[in-house]
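Trainee: Fold the following and give me the result.
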Amino acid sequence: MIEAVIGQDRFSFETNPELFSPRSVDAGTLAMLALTEFAPEDRVLDLGCGYGVVGICAAKRIGADRVVMADVNPLAVELAVRNAERNGVPGIQTYVSDGLAQVPEFGFTLILSNPPYHTDFSVAKGFIEKGFNKLRLGGRLVMVTKRKDWYKNKLISTFGGVRIAEADGYCIFTAVKTSGSFARK
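Mentor: Numbering: from 1, shown residues only. Okay, the predicted model is just below:
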């Protein structure tokens with residue numbers, strides 16, 4: 001069990017050594033959340049949710065009914081559900097999903113992800129391209145990594161542009177969907 005204060009809220013998360021960042025909330029995730037604003041009308045997807053930090057933070061601000069969490073790992077999704085209940089936001093829609101393959105919803109205004117970036121880029125490529133298709137026009141994809149060039153180039157080629165902020169050694173990318181098709185720059 002780990003405790004965390006994120007923004008103005010105190011959280012408690014059950015974790016597992018098999019999952020990413022089991023001893024504390026990841027610094028990159030905290031940097032991304034510090035730079036992300038949630039609006040009451042947002043429809044949020046926490047993509048690669050792990051034990052649920054991002055989705056649960058979003059649900060605290062905009063309501064569980066406006067948040068979806070997905071992860072390829074069934075244990076991660078199970079813990080995310082339990083952590084949502086533990087932190088007072090039960091009812092977040094969750095999916096065990098390989099990327100976005102099992103997420104049926106479309107029309108998200110905000111997709112947040114801390115993708116696995118110590119591997120090849122195939123997972124991140126799917127998150128970006130399939131995420132683009134799941135966003136409504138004007139929707140944002142926000143990702144955090146320690147690797148800048150590949151993500152910058154991929155987000156520009158897909159979205160037509162990207163804003164990059166740097167914090168605590170991490171790059172936080174924000175790309176806005178301004179067209180119904182990939183930019184292909």
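Trainee: Following the chain past whichever strand in the chain runs longest, name the next helix or strand.
Mentor: Counting residues, the longest strand found in the chain (DSSP state E) is strand 135-145. Next along the chain after strand 135-145, taking DSSP states H and E as the criterion, comes helix 149-159.
Trainee: Residues touching that next one, excluding its own?
Mentor: 117, 121, 124-125, 128-129, 132, 141, 143, 145, 161-162, 164, 171, 173, 175-178, 182-185 (Cβ atoms under 8 Å, 6 or more residues apart in numbering). Any C-beta I mention is one placed from the backbone N, CA and C, and that applies to glycine too.
Trainee: go again using 7 Å as the cut-off
Mentor: 121, 124-125, 128-129, 132, 143, 145, 162, 164, 171, 173, 175-177, 182-185 (Cβ atoms under 7 Å, 6 or more residues apart in numbering).
Trainee: Tell me where this structure has helices.
Mentor: 27-34, 53-62, 74-86, 122-134, 149-159 (DSSP state H).
Trainee: how far is the third one from where the chain is centred?
Mentor: Okay, so that is helix 74-86. 15 Å (Cα atoms, centre = their mean, to the nearest Å).
Trainee: Would you mind listing the buried residues in it?
Mentor: Ala76, Val77, Glu78, Leu79, Ala80, Val81, Asn83, Ala84, Arg86 (16 or more other Cβ atoms under 10 Å).
Trainee: For it, the averaged confidence score.
Mentor: Averaged across helix 74-86, pLDDT comes to 98.
Trainee: I'd like to know which elements it is packed against.
Mentor: helix 53-62, strand 67-71, strand 93-96 (3 or more Cβ pairs under 7 Å, 6 or more residues apart in numbering; DSSP states H and E).
Trainee: a markdown table for these, including mean neighbour count?
Mentor: Conversion of the helices and strands packed on helix 74-86 to a markdown table gives the following (neighbours: other Cβ atoms under 10 Å):
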| stretch | mean neighbour count |
| --- | --- |
| helix 53-62 | 25 |
| strand 67-71 | 28 |
| strand 93-96 | 18 |
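Trainee: now those as JSON lines including mean pLDDT and distance to Ala27?
Mentor: Shown next, in JSON lines, are the helices and strands packed on helix 74-86 (pLDDT from 0 to 100; distance: least, Cβ to Cβ, whole Å):
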{"stretch": "helix 53-62", "mean pLDDT": "98", "distance to Ala27": "12"}
{"stretch": "strand 67-71", "mean pLDDT": "98", "distance to Ala27": "20"}
{"stretch": "strand 93-96", "mean pLDDT": "98", "distance to Ala27": "25"}
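Trainee: Redo these as TSV? Include distance to Ile156.
Mentor: Shown next, in TSV, are the helices and strands packed on helix 74-86 (distance: least, Cβ to Cβ, whole Å):
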stretch	distance to Ile156
helix 53-62	24
strand 67-71	25
strand 93-96	29
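Trainee: do you know which of those lies nearest Leu19?
Mentor: Closest approach to Leu19 among these (Cβ to Cβ): strand 67-71, 8.9 Å.
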